[in-house]
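Visitor: Generate coordinates for the sequence data below:
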Amino acid sequence: MQGKFMRSEKFPSSEPAQPQTRNELQVWVREQLKMPAALEASLLTAIDAVFSRHERLWQESKHEAIQALSAGFADKMARVQTELSAKDATVSSISRYFEALVADLTDKSHRDPKTKLMNFGRFTEQLESFLALEQRGRWCAVGLVDITGFKWYNDALGHAIGDRIIERVAALLREQVRSDDLLAQERIGHTAPDRIGPRSQDLHARFGGDEFCFLIPDLAECHQAHAVGERFREAVERYDWTQEDQRLAAQPVRVDVGVVCLWLGRVADRRFIARRLSADLIQRADKLMYEAKGERANHIHLVRARLENGVVVDVKNEDPSGGAVEESRT
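Guide: The predicted structure follows:
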């Protein structure tokens with residue numbers, strides 16, 4: 001009403017203001033038309049009928065508009081409902097479905113698609129977490145495995161055979177694990193996915209190309225790391241490679257292994273340098289692997305190491321925890 005008066009003051013007019021509502025229209029009819037009471041009542045009833053009809057039509061059109069907007073979703077919702085009904089889904093099963101979906105997508109982002117082993121990015125994350133948090137055990141080992149002369153297989157036999165060799169070596173490494181080893185995946189039921197599980201578990205991954213890497217997190221003695229590497233090497237050497245291609249009889253596949261065995265010591269010494277330490281161990285294992293290539297009589301090179309003031313040093317004796325030790329910095 002205030003707005004109406006303001007407009008009237010700005011634009012004065014002798015004509016009465018036009019009614020804006022149903023009540024204003026009733027007052028306007030009484031004051032302007034001066035009709036007999038019966039006729040006035042009939043007119044107001046007719047006006048009410050028109051108002052009601054238009055209001056009903058407006059409500060129907062609004063409902064149709066909402067239906068049109070939601071029509072695109074109806075088919076999708078119907079298909080989902082059909083699938084859920086077919087599986088007799090409950091709220092809990094739907095929750096489990098989405099949890100499994102997220103877990104599957106997460107697993108795929110952590111896994112090398114060709115070999116199904118853990119990819120190198122995830123491996124380094126796990127290695128860093130282990131070095132920063134693990135307080136159990138005496139030794140751990142980080143190793144790299146490389147297919148000997150792999151370029152020859154690709155060039156002479158073709159990339160398809162090269163891919164089959166990579167996949168088979170990955171499968172052989174997967175088979176040659178201890179009873180509580182873990183390959184390229186976290187065990188279901190871990191409460192902390194960024195930590196090594198409640199039992200020490202080996203982690204294996206594809207480093208890239210024809211190279212693989214592994215972590216053995218809990219060793220009582222360093223020589224056990226060499227035994228693990230030797231088991232991997234022998235598994236590849238014993239395999240009948242003619243099953244992959246008859247031409248491999250002339251040059252069976254072999255691997256070279258480099259292993260760094262680290263004395264764990266105190267977790268406080270590792271916690272704040274875990275990333276650098278992880279990179280250093282992988283680099284050292286890589287160097288040892290290439291040194292192993294130069295000695296055809298021995299395809300495994302292993303060194304013992306420990307931390308000293310945040311620096312990795314080689315250990316030349318069997319007692320890295322105390323006493324005088326012969327060591328060299330590399």
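Visitor: When you work out contacts or count neighbours from here on, use the C-alpha atoms and nothing else.
Guide: Fine.
Visitor: Looking at Ala274 now. What's its pLDDT?
Guide: With respect to pLDDT, Ala274 has a value of 91.
Visitor: which SSE is it in?
Guide: Following DSSP states H and E, one finds Ala274 within helix 274-293.
Visitor: Distance check, Val312 against Val260.
Guide: 11 Å (C-alpha to C-alpha, to the nearest Å).
Visitor: Look at the two and report which has more neighbours.
Guide: Taking other C-alpha atoms under 10 Å, Val312 and Val260 do not tie; Val260 has more neighbours (29 against 20).
Visitor: Run the angle between the helix or strand encompassing the more buried one and helix 274-293 for me.
Guide: According to DSSP H and E, Val260 maps onto strand 255-263. Here strand 255-263 points in a direction 140 degrees away from that of helix 274-293 (axes from the mean of the first three to the mean of the last three C-alpha atoms, to 10 degrees).
Visitor: Mean confidence (pLDDT) on strand 255-263, please.
Guide: 92.
Visitor: swap in stretch 47-54?
Guide: pLDDT averaged over stretch 47-54 gives 79.
Visitor: now do stretch 213-226
Guide: Mean predicted lDDT for stretch 213-226 stands at 86.
Visitor: Show me what counts as buried in that stretch.
Guide: Using 16 or more other C-alpha atoms under 10 Å as the test for burial, stretch 213-226 gives 213-219, 222, 224-226.
Visitor: Can you give the strand pairings for the strand holding Val260, parallel or anti for each?
Guide: Sheet pairing here is set by DSSP bridges, and for strand 255-263 it gives strand 139-147 (antiparallel), strand 300-308 (parallel).
Visitor: contacting residues around whichever helix or strand comes after the first one?
Guide: Which is strand 139-147. For strand 139-147, the following helix or strand on the C-terminal side (DSSP H and E) is helix 150-157. Helix 150-157 is contacted from outside by 159-162, 210, using C-alpha atoms under 8 Å, 6 or more residues apart in numbering.
Visitor: Quick check: buried residues in stretch 228-248?
Guide: 228-230, 232-233, 235-236, 241, 248.
Visitor: can I get those in TSV with distance to Glu24 and secondary structure?
Guide: Shown next, in TSV, are the buried residues of stretch 228-248 (distance: C-alpha to C-alpha, whole Å; DSSP: H, G, I helix; E, B strand; the rest coil):
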residue	distance to Glu24	secondary structure
Val228	95	helix
Gly229	95	helix
Glu230	99	helix
Phe232	94	helix
Arg233	97	helix
Ala235	97	helix
Val236	96	helix
Trp241	97	helix
Leu248	99	helix
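Visitor: got a markdown table for those, with distance to His301 too?
Guide: What follows is the buried residues of stretch 228-248, written out as a markdown table (distance: C-alpha to C-alpha, whole Å):
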| residue | distance to His301 |
| --- | --- |
| Val228 | 12 |
| Gly229 | 9 |
| Glu230 | 10 |
| Phe232 | 13 |
| Arg233 | 12 |
| Ala235 | 17 |
| Val236 | 17 |
| Trp241 | 25 |
| Leu248 | 26 |
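Visitor: and which of the residues you listed is nearest to Arg254?
Guide: Of all the buried residues of stretch 228-248, Arg254 sits closest to Val236, with 6.2 Å by C-alpha to C-alpha.
Visitor: What score does that closest one have for pLDDT?
Guide: 91.
Visitor: Correct me if wrong: it contacts Leu172.
Guide: Yes: the pair Val236 / Leu172 is scored as a contact, 6.6 Å apart, by C-alpha atoms under 8 Å.
Visitor: re the thing from before, out of the buried residues of stretch 213-226, which are inside helices?
Guide: 224-226 (DSSP state H).
Visitor: Would you map the strands across the stretch 101-250 of the chain?
Guide: Using DSSP state E, counting those that start in this stretch, the strands of the stretch 101-250 of the chain run over residues 118-119, 139-147, 203-208, 211-219.
Visitor: So what's the residue count around Val50?
Guide: 12.
Visitor: what about Leu288, how many neighbours?
Guide: That count, for Leu288 with other C-alpha under 10 Å as the rule, works out to 22.
Visitor: List the contacts of the closest residue to it other than its chain neighbours.
Guide: In space, and not counting its chain neighbours, Leu288 is closest to Gly258: 4.5 Å by C-alpha to C-alpha, 6 or more residues apart in numbering. By C-alpha under 8 Å, 6+ apart, the contact set of Gly258 is 143-145, 285-292, 300-302.
Visitor: go with 6 Å
Guide: 143-144, 285, 288-289, 300-302 (C-alpha atoms under 6 Å, 6 or more residues apart in numbering).
Visitor: related to what we said a few turns ago, any chance of the strands of the stretch 101-250 of the chain in JSON lines, plus distance to Arg275?
Guide: Listed next are the strands of the stretch 101-250 of the chain as JSON lines, based on distance: least, C-alpha to C-alpha, whole Å:
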{"stretch": "strand 118-119", "distance to Arg275": "17"}
{"stretch": "strand 139-147", "distance to Arg275": "14"}
{"stretch": "strand 203-208", "distance to Arg275": "17"}
{"stretch": "strand 211-219", "distance to Arg275": "15"}
